[in-house]
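Trainee: Sequence first, predicted coordinates after that:
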Amino acid sequence: MDFARSRRMQKSFALTIRSEAMKTRTSLVAVFLLLLFTAAAECQINYGSNTLAGKYANVNDIKVYYEIYGAGEPLLLLHGNGGSIQSFMYQIPELSKHFRVIAVDSRAQGKSTDSDQEITYALMASDMSALIEKLNLGSVDVVGWSDGGNVGLELALAHPQQVKKLVTFGANYTHENSLAPPDPVAMEADDPRLLTTTRAIKKLREGRVERSPVVKKKLADLMEKYPNLTVEQLKRIKAPVLVVVGDRDLIKVDQTISLFTSLPHSQLFIVPGASHLVPIEQPELVNREVIKFLSTPFRDLDGYYFTNLPN
């Protein structure tokens, strides 16, 4: 091979390498921009007021507002007293990567309407049962925060065929003697956890739909008179339940332990350094555990199984 021909081949090879490198770099830039735009779009989603995802369903005697995100197995999200879909602004983006998330405004809250009936957890569970039927969801996983967890327990009890698994955050099964006494701890004004939570709560308040005095009283009465589940009823709940609570939750730890031990198929997750606002305070941690619980086949654990292990 002569020298000139060798040089031409080297030059051609170098141009080819450079061209491929430019193509690769262009592809990487395109992927980066796509991820950047996707992340920006997610940050701009106004959960609870998303006209692209929001719909109404006629359920029982009211109109229930809901938004759907993601694909896969259905997952129902139920917020706490006086809240809305927006309460799960730190959960929906992550959970919707793994499930078809149906986030709901409970009756008289968010964008859902009310009726003349007294609001009870059993009635709201009936609303959710009817919504599951209307949307042809069959059997769903449920994640409920505070009152949403109470509704989840009522739903699993009254409609076991509709609940595959349930996750509760700061739930109580009876209203009697359920609240922990005031904590004497005074947090520093610049505490990172306090600052993070304050920002989230401010955003939730800005998006809150103003409620009438009648609705405010009904929601206050709800917590004063309900729930009224018994240990015997809890023992009839067949769905696996992950009981989540902050170690400084508004709900007494004793009640949480009683809830956990009364459920025949349950796991307990006490989040250290967390309050009743744990989904806002530590979203990465709780999202990871929720996804793991819902995605992993449930197995009851014999606390003494290790005594039967071979020597």
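Mentor: Sure thing, it's come through. Just so you know, these numbers come straight off a predicted model, no measurement behind them.
Trainee: Next, please give the residue ranges for the strands of this protein.
Mentor: 54-59, 62-69, 74-78, 100-104, 140-145, 163-169, 241-246, 266-271 (DSSP state E).
Trainee: need those in TSV with mean pLDDT, distance to Glu133 and mean neighbour count, can you?
Mentor: (C-beta placed from N, C-alpha, C; glycine too.) Putting the strands of the chain into TSV (pLDDT from 0 to 100; distance: least, Cβ to Cβ, whole Å; neighbours: other Cβ atoms under 10 Å) gives the following:
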stretch	mean pLDDT	distance to Glu133	mean neighbour count
strand 54-59	97	9	16
strand 62-69	98	12	21
strand 74-78	98	12	26
strand 100-104	98	13	25
strand 140-145	98	11	27
strand 163-169	98	13	26
strand 241-246	98	22	26
strand 266-271	98	26	18
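Trainee: Kindly reformat these as TSV and extend each row with distance to Phe306.
Mentor: Formatted as TSV, the strands of the chain follow (distance: least, Cβ to Cβ, whole Å):
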stretch	distance to Phe306
strand 54-59	48
strand 62-69	42
strand 74-78	34
strand 100-104	38
strand 140-145	30
strand 163-169	26
strand 241-246	23
strand 266-271	18
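Trainee: For the stretch 151-300 of the chain, give me the ranges with low pLDDT.
Mentor: 195, 198, 200-209 (pLDDT under 70).
Trainee: Buried residues in stretch 79-97, which are they?
Mentor: By neighbour count with 16 or more other Cβ atoms under 10 Å, stretch 79-97 contains the buried residues 79-96.
Trainee: Give the rounded mean pLDDT of it.
Mentor: For stretch 79-97, the mean pLDDT works out to 97.
Trainee: And it, end to end?
Mentor: Stretch 79-97 has its terminal residues 20 Å apart, counting by Cα to Cα, to the nearest Å.
Trainee: Please apply the same query to stretch 170-188.
Mentor: So stretch 170-188: terminal residues 24 Å apart, Cα to Cα.
Trainee: Report the distance from it to the chain centre.
Mentor: Centroid separation between stretch 170-188 and its chain, computed with Cα atoms, centre = their mean, to the nearest Å, is 21 Å.
Trainee: dump the residue contacts of Asp105.
Mentor: Contacts for Asp105 (Cβ atoms under 8 Å, 6 or more residues apart in numbering) come out as Gly48, Val64, Tyr65, Tyr66, His79, Ser84, Ile85, Lys111, Ser112.
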